[in-house]
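Trainee: Next come a sequence and a model predicted from it.
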Amino acid sequence: MGRIAAILACVFAFLFSAGSTCADFYDGLAAYDNGDYSTALEEWLPYAEQGNAAAQAVIGTMYYEGKGVPVNYAGAVKWFLKSAEQGYGKAQFQLGVMYAKGEGVSKNDAQAFNWYSKAAEQGNADAQDNLGLLYANGEGVPKNYAQAFNWFRKAAEQGNADAQNNLGTMYAMGKGVSVNNVRAYMWLSLAKAQGHKGAAGNLDIIKEEINTDQISKAQRLATQMWKKINN
């Protein structure tokens, strides 16, 4: 289900706390699984209107993806904002994306930074990676490679392949950290193992700068980190 599945558990918890029989929730879930997005939207919308932040994020995602309703970025922003203002991390991240891309709102890197920061502080790995990119590129915030490195590391240690590639690149280039090709190889290999195409190319470049013993060390470190991430 993509982003929908990631937040349904929160909606489910809300239903129990509200003393509901959860019938509407299950009806909506069954409809969604069957591709009947209009019915799912109808079943879940009342919970969003009652103020449940997770349900609001679900509805925002359906507007964003055009499921049960035509794609409507302005409508998505409306629901994401309601949820984000209640402190819901996934909605804060989505608002950051929409401000960064100018979808449903005017493109505004400062607002993207604001919402990514809120979600990143709650541990959202995608937001942490995007926040790192803003720092690395100086978009919405003064360029700061040390901060970029910090946020890439937080996301990479949660298993985010984009952040692992970005972190490996920073180690290779010595941005925000001293050059360390062993660490670069380690992070790039982890990203490559998850299918990150950019990491595969970057890893080929690093191989030209590193010897066999260093590769063996990097592979051991990658194995240790993989176990830590997936523990």
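Mentor: Cool, got the structure.

Trainee: May I see the buried residues of stretch 175-194?
Mentor: Under the neighbour-count criterion of 16 or more other C-beta atoms under 10 Å, stretch 175-194 has 176-177, 180-192 buried. Where C-beta positions appear, they are placed from N, C-alpha and C, glycine not excepted.

Trainee: Can you pick out the ones from the residues you listed that are in helices?
Mentor: Mapping the buried residues of stretch 175-194 onto helices (DSSP state H) picks out 181-192.

Trainee: Pick out whichever of those residues sits closest to G132.
Mentor: Lowest distance from G132 to these (C-beta to C-beta) belongs to W187, with 12.9 Å.

Trainee: ok, that closest one - contacts?
Mentor: Applying C-beta atoms under 8 Å, 6 or more residues apart in numbering, we find W187 in contact with 156, 164-165, 167-168, 171, 222.

Trainee: As a markdown table, these with distance to Q86 would be great.
Mentor: Output for the contacts of W187, formatted as a markdown table (distance: C-beta to C-beta, whole Å):
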| residue | distance to Q86 |
| --- | --- |
| A156 | 29 |
| Q164 | 31 |
| N165 | 33 |
| L167 | 31 |
| G168 | 36 |
| Y171 | 38 |
| A222 | 39 |
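
Trainee: Kindly reformat those residues as CSV and extend each row with neighbour count and distance to A120.
Mentor: Listed next are the contacts of W187 as CSV, based on neighbours: other C-beta atoms under 10 Å; distance: C-beta to C-beta, whole Å:
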residue, neighbour count, distance to A120
A156, 26, 13
Q164, 31, 16
N165, 27, 18
L167, 31, 15
G168, 31, 20
Y171, 24, 21
A222, 20, 24
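
Trainee: how many neighbours does V141 have?
Mentor: By other C-beta atoms under 10 Å, the residues close to V141 number 19.

Trainee: Next: the one 10 residues further on.
Mentor: When counting by other C-beta under 10 Å, one arrives at 27 neighbours for W151.

Trainee: which residue sits closest to it in space, ignoring its chain neighbours?
Mentor: G132 (3.7 Å; C-beta to C-beta, 6 or more residues apart in numbering).

Trainee: OK, contacts around that neighbour?
Mentor: Residues in contact with G132 (C-beta under 8 Å, 6+ apart) are 147-152, 155, 163, 166.

Trainee: That one sits in which helix or strand?
Mentor: Per DSSP states H and E: G132 is located in helix 125-137.

Trainee: Name the residues that touch stretch 102-111?
Mentor: For stretch 102-111, contacts defined as C-beta under 8 Å, 6+ apart pick out 64, 72-77, 95-101, 134, 139-141.

Trainee: Which ones among these lie within helices?
Mentor: Per DSSP H, helices hold the following members of these: 64, 73-77, 95-101, 134.

Trainee: Could you point out which residue ranges in this protein have low pLDDT?
Mentor: Flagging of the chain using pLDDT under 70 yields the residue ranges 1-23.

Trainee: per-domain residue ranges of it.
Mentor: Here the chain is described, according to automatic domain parsing, as comprising the domains 1-122, 152-231.

Trainee: Serialize these to JSON lines and add fields for distance to Q128.
Mentor: Below are the domains of the chain laid out as JSON lines (distance: least, C-beta to C-beta, whole Å):
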{"stretch": "domain 1-122", "distance to Q128": "4"}
{"stretch": "domain 152-231", "distance to Q128": "4"}
